[in-house]
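Trainee: Sequence and predicted structure below; questions after.
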Amino acid sequence: HSMSVCNGGLNGLLLEIIRDFIVYDKGVKKICRSNQYFGVKEAQKFALDREGGIIWHTQGSGKSLTMVWLAKWIRENITSSRILILTDRTELDEQIEKVFKGVNEKIFRAKKGEILVNELNKSEKSLICSLIHKFGSSEKTETEAFIEDIRNSLPPNFKAKGEIFVFIDECHRTQSGKMHRAMKEILGKDATIIGFTGTPLMKKDKSSSLEVFGPYIHTYKYDEAVRDEVILDLRYEARSIKQKLASPDRVDLWFDAKTQNLNNIAKAKLKRKWGTMQKVFSSHPRLKMIADEILLDMATKPRLVSGQGNAMLVASGIPEACRYYTILKQTLGKQCAIVTSYSPNSGDIRTEDSGEGDTQDVMKYEVYCQMLADWFDEPIEKARNKADDFEKQVKDLFVDEPGRMKLLIVVDKLLTGFDAPSATYLYID
């Protein structure tokens, strides 16, 4: 009866929302926002016509739940439909799994390429998530040869079963390249691909995204979300740090003293890496000044003082992140942590004694090992292999207990798809 009533009027809209747009997220009742409702409604039309496109909803506007409602509708209304959700980063893949399981949707996460292909070749699972690079690998660098290798690696008579609908999260990053071609080759030309993004697109990215995925299905831009009070507006504050030396002529003297144990090849490599020795000489004082400003904020900003909020520091590289950590931990202790793609490996420093290695590798290794040992209260030899466990624990603390994890120092991680309402300040160096 409700199906027929939903065809018209306010009562129909209300019943439709009750039926299709309410979920219980870990026991918390959640109803769609207007952008989610209209985004899903427009996407339903595209899905029925087997047409792809892009849903561009600004960051923080609930794209994950939009995926949930659209996936539920497709599976309930299109015969033999199956949903495959792809991302390009492990933390995003984990979050997709967490969101769907949180609303009692049985999603299968394929952590290996072989498992993903096998599941696609069967029809049992109708909701799967994975990483786009799980579609295969090849040592071939030329695209056509790469695709041919992927095709030859598939099981005999492989065919992705069912009506395949692919949701690609952060689609502006996965719109081209060999992996995208491999995905299309494996899934077949009949797969319907819908891209999701919340990132403002540069002109060249915009044109290529439209070429790959199709037209915009629905858009919900940053200013609209701010006006609707769905997200908070950004407040940008520029802080300048003096980066040049008062006595540049002392750089060469300092450099020779600090690199006297390196051979000429290693010295030349270090010079190229830093560009100018002014940056080398002023590096620690500069980082110390930035760290002092962050610590001042920690002591004076109400949300940081109260423990209700916390902050992230985006460093320019892993060595810089380690240097920041060394400075900041003297005050914050275990209330700050580094989250990067680095994992300490003793092989990183084996060539150091011969002068062929990089002193930065030794520094990264030592800082990471000590951070892990301090965190787990274990010897370095045992703790250094627990980088993944460490990352999970500090991320959970950052989200759930901001007073205990005040600052994460990150490099190319947690900048998209990391759901942390407590995060109040973002420092970018």
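Mentor: Yep, that arrived. What you see is a predicted model, and the numbers here were worked out from it, not measured in a lab. Numbering: from 1, shown residues only.
Trainee: Every contact and neighbour count from this point should use C-alpha atoms.
Mentor: Will do.
Trainee: what are the ranges of the strands in the protein?
Mentor: 22-25, 28-31, 53-57, 81-87, 108-109, 127-131, 163-169, 192-197, 216-220, 310-314, 336-339, 407-410, 423-428 (DSSP state E).
Trainee: wait, which of the ones you listed is closest to Ala71?
Mentor: With CA to CA as the measure, strand 81-87 is the member of those nearest Ala71 (6.6 Å).
Trainee: possible to save the strands of the chain as TSV with mean neighbour count and mean pLDDT?
Mentor: Formatted as TSV, the strands of the chain follow (neighbours: other CA atoms under 10 Å; pLDDT from 0 to 100):
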stretch	mean neighbour count	mean pLDDT
strand 22-25	16	92
strand 28-31	12	93
strand 53-57	24	93
strand 81-87	23	93
strand 108-109	18	95
strand 127-131	22	93
strand 163-169	23	93
strand 192-197	24	91
strand 216-220	19	94
strand 310-314	23	96
strand 336-339	25	96
strand 407-410	25	96
strand 423-428	16	94
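Trainee: now those strands as JSON lines including distance to Val394?
Mentor: As requested, the strands of the chain are arranged in JSON lines below (distance: least, CA to CA, whole Å):
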{"stretch": "strand 22-25", "distance to Val394": "23"}
{"stretch": "strand 28-31", "distance to Val394": "25"}
{"stretch": "strand 53-57", "distance to Val394": "29"}
{"stretch": "strand 81-87", "distance to Val394": "23"}
{"stretch": "strand 108-109", "distance to Val394": "23"}
{"stretch": "strand 127-131", "distance to Val394": "23"}
{"stretch": "strand 163-169", "distance to Val394": "25"}
{"stretch": "strand 192-197", "distance to Val394": "27"}
{"stretch": "strand 216-220", "distance to Val394": "32"}
{"stretch": "strand 310-314", "distance to Val394": "12"}
{"stretch": "strand 336-339", "distance to Val394": "7"}
{"stretch": "strand 407-410", "distance to Val394": "8"}
{"stretch": "strand 423-428", "distance to Val394": "13"}
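Trainee: Which one of those strands lies nearest to Glu391?
Mentor: The nearest among the strands of the chain, by CA to CA, is strand 336-339 at 6.2 Å.
Trainee: What are the buried residues along stretch 221-240?
Mentor: Residues 221-222, 225, 231 are the ones in stretch 221-240 that count as buried (16 or more other CA atoms under 10 Å).
Trainee: now, which of the residues you listed lie within helices?
Mentor: 222, 225 (DSSP state H).
Trainee: out of the buried residues of stretch 221-240, who's nearest Lys101?
Mentor: The closest of the buried residues of stretch 221-240, once distances to Lys101 are taken by CA to CA, is Ile231, at 24.5 Å.
Trainee: what angle do the longest helix along the chain and strand 310-314 make?
Mentor: With secondary structure taken from DSSP H, the chain has its longest helix at helix 277-300. Counting by axes from the mean of the first three to the mean of the last three CA atoms, to 10 degrees, helix 277-300 points 170 degrees away from the direction of strand 310-314.
Trainee: for the stretch 101-250 of the chain, which spans come out with low pLDDT?
Mentor: For the stretch 101-250 of the chain, the stretches flagged by pLDDT under 70 are 135-144, 146-147, 172-179, 200-211, 242-250.
Trainee: Show me what Ile31 bridges to in the sheet.
Mentor: As for beta bridges, Ile31 partners with Ile22 under DSSP bridges.
Trainee: just to revisit the earlier point, list the helices and strands the longest helix of the chain packs on?
Mentor: On a contact count with 3 or more CA pairs under 8 Å, 6 or more residues apart in numbering; DSSP states H and E, helix 277-300 meets helix 251-258, helix 302-306, helix 318-332.
Trainee: mind checking how far that helix is from the chain centre?
Mentor: Remark: helix 277-300 is offset 27 Å from the chain centroid, using CA atoms, centre = their mean, to the nearest Å.
Trainee: Dump that helix to PDB, keeping only the CA atoms.
Mentor: What follows is helix 277-300, C-alpha atoms only, in PDB (Å, rounded to 0.1, in the frame of the first residue of the first chain):
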ATOM      1  CA  MET A 277      71.700  24.800   2.800                       C
ATOM      2  CA  GLN A 278      69.800  27.700   4.300                       C
ATOM      3  CA  LYS A 279      66.900  25.300   4.800                       C
ATOM      4  CA  VAL A 280      69.200  22.800   6.400                       C
ATOM      5  CA  PHE A 281      70.700  25.200   8.800                       C
ATOM      6  CA  SER A 282      67.400  26.800   9.800                       C
ATOM      7  CA  SER A 283      65.300  23.600   9.800                       C
ATOM      8  CA  HIS A 284      65.200  22.800  13.500                       C
ATOM      9  CA  PRO A 285      64.800  26.400  14.700                       C
ATOM     10  CA  ARG A 286      62.000  26.900  12.200                       C
ATOM     11  CA  LEU A 287      60.200  23.600  13.300                       C
ATOM     12  CA  LYS A 288      60.700  24.600  16.900                       C
ATOM     13  CA  MET A 289      59.000  27.900  16.300                       C
ATOM     14  CA  ILE A 290      56.000  26.200  14.600                       C
ATOM     15  CA  ALA A 291      55.800  23.600  17.400                       C
ATOM     16  CA  ASP A 292      55.800  26.300  20.000                       C
ATOM     17  CA  GLU A 293      52.900  28.000  18.300                       C
ATOM     18  CA  ILE A 294      51.000  24.800  18.300                       C
ATOM     19  CA  LEU A 295      51.700  24.200  21.900                       C
ATOM     20  CA  LEU A 296      50.500  27.700  22.700                       C
ATOM     21  CA  ASP A 297      47.200  27.000  21.000                       C
ATOM     22  CA  MET A 298      47.000  23.800  23.000                       C
ATOM     23  CA  ALA A 299      47.300  25.800  26.200                       C
ATOM     24  CA  THR A 300      44.900  28.700  25.200                       C
END
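Trainee: Show me what stretch 76-96 is in contact with.
Mentor: Applying CA atoms under 8 Å, 6 or more residues apart in numbering, the contact partners of stretch 76-96 are 48, 64, 71, 74-75, 125-133, 162-170, 173-174, 414, 417-418.
Trainee: hmm, try it at 7 Å
Mentor: Residues outside stretch 76-96 that contact it (CA atoms under 7 Å, 6 or more residues apart in numbering): 64, 71, 74-75, 126-132, 162-170, 417.
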